[in-house]
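Asker: sequence and computational prediction follow.
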Amino acid sequence: MAYQLEVIRFRDLLVVQSIPRFVPGLYPPTLEIKGDDLSSTSRVLINDADVTEFMIVDKKTIYAQVPEDIGRISTIQVVSTGFTRKAAASKLSFEIGNKTQKVDGLLKLVQLFTKWILQSPGTDALDPSRGGGLQQLAGQISTTRDMQPIYASITRSVDTTSSQIRTAQANQTDLPLSERLYSANLVDISIYEAQMEARVQVRLQSMAGADAVTALQL
């Protein structure tokens, strides 16, 4: 089995059920965050800003200090230590980190799909047609109020990338089923007009039958 260096890090997004209050008596202001199981929390983001101080109180509760100058709180993400495929979605970041890691199987497939869907056609000298062009949409989202073309473009990017990968893998006879793409389907597109961004969830399934949902923020 061929391994690949992990350059796109995927971690589970844990489900936040409620944010009942600011914790009394704590400064800086600290949010109480509730969920079904938050015991594996490794990172908390408020309005996409990293929380520098948080504490796992118990399995269902964490306390997270609100970053300075955050203003009105619009989004909270709680990120797990791992990638289990059981979460509703995963958060990705582009990093190698202090320790290099190797990936294989489904995680290698998810990394491949992410790199290809973000790639702009024409940037690969060996294959100018390669790429779903999703990264190019970031500029369109920030400059338009008509989101219907964005929906269509994202759907087209997913379908194009899926087709390209399946074609490329067709002649790779030694590729394990866990790394061979069976399908890629758009699960959800959430548009945040105030931030002029889209958050895209795509479900990937390998030929081995395993699947994962990856979340992309544009």
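Answerer: Done, it's in. Residues are numbered from 1 along each chain as shown.
Asker: for residue 173, give its distance to residue 136.
Answerer: 34 Å (CB to CB, to the nearest Å). Bear in mind the C-beta positions are built from the backbone N, C-alpha and C, glycine included.
Asker: neighbour count winner among those two?
Answerer: residue 136 (16 against 6; other CB atoms under 10 Å).
Asker: what's the closest non-adjacent residue to the more buried one?
Answerer: residue 120 (5.4 Å; CB to CB, 6 or more residues apart in numbering).
Asker: same question for residue 155.
Answerer: Here the residue nearest residue 155, using CB to CB, 6+ apart, is residue 186, at 5.6 Å.
Asker: so how far is residue 20 from the one you found?
Answerer: Counting by CB to CB, the gap from residue 186 to residue 20 is 33 Å.
Asker: which of those two has more neighbours?
Answerer: Set residue 186 next to residue 20 and count neighbours by other CB under 10 Å: residue 186 wins out with 16 against 11.
Asker: is that one in a helix, a strand, or coil?
Answerer: At residue 186 the chain is in strand, as set by DSSP: H, G, I helix; E, B strand; the rest coil.
Asker: just to check, it is in contact with residue 157?
Answerer: No - between residue 186 and residue 157 there is no contact under CB atoms under 8 Å: 9.1 Å.
Asker: quick revisit: spit out the contact partners of the residue nearest to residue 136.
Answerer: The contact partners of residue 120, by CB atoms under 8 Å, 6 or more residues apart in numbering, come to 131, 133, 135, 136.
Asker: hang on, the third one in a strand?
Answerer: Think residue 135. No - counting by three-state DSSP, residue 135 falls outside a strand, being helix.
Asker: pretty sure it is touching residue 118, no?
Answerer: Yes - counting by CB under 8 Å, residue 118 is a contact partner of residue 135 at 4.5 Å.
Asker: can you pick out the residue with more neighbours from the two?
Answerer: The neighbour count for residue 135 versus residue 118, taken as other CB under 10 Å, is higher for residue 118 (21 against 16).
Asker: who's in contact with that one?
Answerer: By CB under 8 Å, 6+ apart, residue 118 lies in contact with 131, 132, 134, 135, 216.
Asker: domain map for this structure?
Answerer: 10-90, 104-217 (automatic domain parsing).
Asker: which of the three states applies to residue 128?
Answerer: coil.
Asker: thought it was touching residue 122?
Answerer: Yes - with contact defined as CB under 8 Å, residue 128 and residue 122 form a contacting pair (5.1 Å).
Asker: give me every residue that touches the residue nearest to residue 155.
Answerer: Residue 186 sits in contact with 154, 155, 158, 200, 201, 202, where contact means CB under 8 Å, 6+ apart.
Asker: bridge partners for it, pull those for me.
Answerer: Taking DSSP bridges as the rule, residue 186 bridges to residue 202.
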